[in-house]
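[1] Fold the following, please.
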Amino acid sequence: MAADLENSSPGLALVLAPHDPSGGAHLPADVVTGARLGCHVLSVPTALLVRDTAQLESIQPLAEDVADDQARCLLEDVNIQAVKCGPLYSPEMASMVAEICADYPELPLVLHLTAMPAGLDDIDAEDALDACLRLLLPLSSLLVVDHASLEQWRSEGLLEDSESAAAALLAAGAHAVLITAGPGAPGQWHALFQGHHGRLEYSLPRDPGLRQQDMDSLVAAACACRLAQGQELDGAVESALSHLQACSRDTFQPGMGHRLLNPAPFRHD
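    Prediction:
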C-alpha cells in the first residue's frame, strides 16, 4: 500500500515568483499550470504586484529573509524535484535564491527573466537584473526570456557582444535558453531553444490580446513541472510549448485590459 501511494505522487515543483493579483502570470497562475499538468506546485512569493489586467502600478518586493525561511522550510520537508524562479526585483532576493540553488545543485532551475518595468521608483531595476544575470544565470538549467528584453539588454551593454543574444547568454554561463516572441511571420509566436548542443525553432499561432509575460510565465512553469516529472530538458521544453498552444486556443477578457488564458480544466497534453 505504501509503495502504491508513493508511485501515485505527482511531480513536485517549487516556484519563487511575484504575486500577480490579476491571475495572468507568476503566482498564483503557476500553481494552476502545475495542476493542469498533474504537478504539485509549492510556492514562495518574492514580491507583491499592484496591477489590474491592463497595467502595472507598483511592485512591492518582499523581505528576502522571510522568503528564504519559507523556501528552506519547504525544501527540508518536501522532496522537491525542480525549481522555477523569477522575475526578481531586488539584488538581495537574487542573492538569496542563488544561495538556495547552490545548496541544492541537484534541482534543475528554470529562470524566467524579463526587462524591468520602467518608471517605477520602488525597485532597483539595474542592480536586480545585474544580480540575476551574474548570480543566477550560471546556476540555471534553462533561461526563459523574451526577445525584446534581450535586445534592450544588448543595447544597454548588459550582455557581451556576440553573434547572437543566445550565444551571449550561453557564454555568460546559461546551460540553455528559450527566447520567446522573436521576429517572424505576423500572427505567429516564435521561440528559439538553444543550448550548447544545438538549437530548435518553434512557431505557434498567437492571440494578439495576450500579455507576453503571461505566456512566458506559463511556459517557464510548465518546463519546471515537466522537469519535476522526470522529463529531459528538450522534452520538457517541447511539452511546455505544446501546453501553451493548447491553452492559447481558449482565452477570455475578464476586465478592460489584456486577455488571459482560461483556467478551465481540459485534457492533459
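
[2] Name the helix or strand for residue 12, please.
    Per DSSP states H and E: residue 12 is located in strand 11-19.

[3] quick check: mean pLDDT across that strand?
    For strand 11-19, mean pLDDT rounds to 98.

[4] again with stretch 138-149
    Per-residue scores along stretch 138-149 average to 96.

[5] measure that stretch end to end?
    For stretch 138-149, the first-to-last residue distance is 19 Å (Cα to Cα, to the nearest Å).

[6] Now do the same contact list for the nearest residue to residue 30 once chain neighbours are set aside.
    In this structure, residue 30 finds its nearest non-sequential neighbour in residue 221, 4.0 Å apart by Cβ to Cβ, 6 or more residues apart in numbering. Where C-beta positions appear, they are placed from N, C-alpha and C, glycine not excepted. Contacts of residue 221 were listed using Cβ atoms under 8 Å, 6 or more residues apart in numbering, and they are 13, 15, 29, 30, 33, 34, 41, 84, 110.

[7] what's the answer for residue 193, then?
    Going by Cβ under 8 Å, 6+ apart, residue 193 touches 176, 177, 178, 179, 199, 200, 201, 202, 234, 237.

[8] what's the helix or strand for it?
    Residue 193 is located in strand 188-195, with elements delineated by DSSP H and E.

[9] What are the buried residues along the helix or strand following that strand?
    For strand 188-195, the following helix or strand on the C-terminal side (DSSP H and E) is strand 198-205. The neighbour-count check on strand 198-205 (16 or more other Cβ atoms under 10 Å) flags residue 202 as buried.

[10] With just CA atoms, put strand 198-205 into CSV.
    This file holds the C-alpha atoms of strand 198-205, laid out as CSV (Å, rounded to 0.1, in the frame of the first residue of the first chain):
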residue,chain,number,x,y,z
GLY,A,198,22.3,22.9,-30.8
ARG,A,199,19.1,24.8,-31.5
LEU,A,200,15.4,24.3,-32.3
GLU,A,201,12.9,26.8,-33.6
TYR,A,202,9.2,26.8,-32.9
SER,A,203,6.2,28.9,-34.3
LEU,A,204,2.8,28.9,-32.8
PRO,A,205,-0.4,30.8,-33.6
